[in-house]
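K.L.:
A structural model of the following input is requested.
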Amino acid sequence: MLAGIAVIYIVVGIIFLTGPGTGVYGFFVRFFALFGFTTLSIAAMMTPFSKEISSYFGKPFIKIHHIFAYTGLALITLHPVTNAIQTGDISVFLPVFSSWSGFWIYAGRLALIFLYIGLLAVLIRRKIRPWRILHTMVYLVLFMAFVHGLLIGTDLYNTGMIVIFSILMALVFSSFILKRIKLAGR
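P.N.:
Numbers count the residues shown, from 1 in each chain. The predicted structure follows:
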């Protein structure tokens, strides 16, 4: 399991480092996007395997899951922050609804808002009943971020990165389905 996770990070890192030179800010914009997406994907893929992960790491599943989730959240948040600093434009935080193509090109903006709604749901889960539904928005967030990256991501013009991120998306959605199957079997 650890080897698989390490391989994902190593391959993403190699492709990232051999990617286009985009200056200091561009380097960090790309880094935060790629590793934030990767880390959030791994956090999402873990959910159907809570018992196995807890047993493997010798720690409660939620601790391991939260390490990946909070790290991914921090990295993916730094992506538009760094972009805003680079461009001097805070509109990078505002969703675009003016056109269908604009919506998807900038879907990462709305995805970030949804991600924070999912986080808020966990933080106040004792106060709101359907917190799991809101927390499940991470799957939509990852899909929106994936499309956003495909449309304007500097590194997702690389075939290797497209393949890796497509596999990550397939695994994320497979884990979503597997989790639902396991819940239905209880």
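K.L.:
report the distance from the helix or strand of the chain with the lowest mean pLDDT to the chain centre.
P.N.:
When each helix and strand of the chain is scored by mean pLDDT, DSSP states H and E, helix 131-135 comes last, with a mean of 75. Computed by CA atoms, centre = their mean, to the nearest Å, the chain-centroid distance of helix 131-135 equals 16 Å.
K.L.:
now do the helices in this structure.
P.N.:
Along the chain, counting by DSSP state H, helices occupy 2-17, 23-46, 50-57, 61-87, 100-105, 107-123, 131-135, 137-152, 159-184.
K.L.:
CA atoms only: put the fifth one into PDB for me.
P.N.:
It refers to helix 100-105. Provided in PDB are the C-alpha atoms of helix 100-105 (Å, rounded to 0.1, in the frame of the first residue of the first chain):
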ATOM      1  CA  TRP A 100     -20.900  26.400 -20.100                       C
ATOM      2  CA  SER A 101     -17.300  26.300 -21.400                       C
ATOM      3  CA  GLY A 102     -16.300  29.000 -18.900                       C
ATOM      4  CA  PHE A 103     -17.900  27.100 -16.100                       C
ATOM      5  CA  TRP A 104     -15.800  24.000 -16.900                       C
ATOM      6  CA  ILE A 105     -12.600  25.900 -17.700                       C
END
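K.L.:
show me what that helix is packed against.
P.N.:
helix 137-152 (3 or more CB pairs under 8 Å, 6 or more residues apart in numbering; DSSP states H and E). Any C-beta I mention is one placed from the backbone N, CA and C, and that applies to glycine too.
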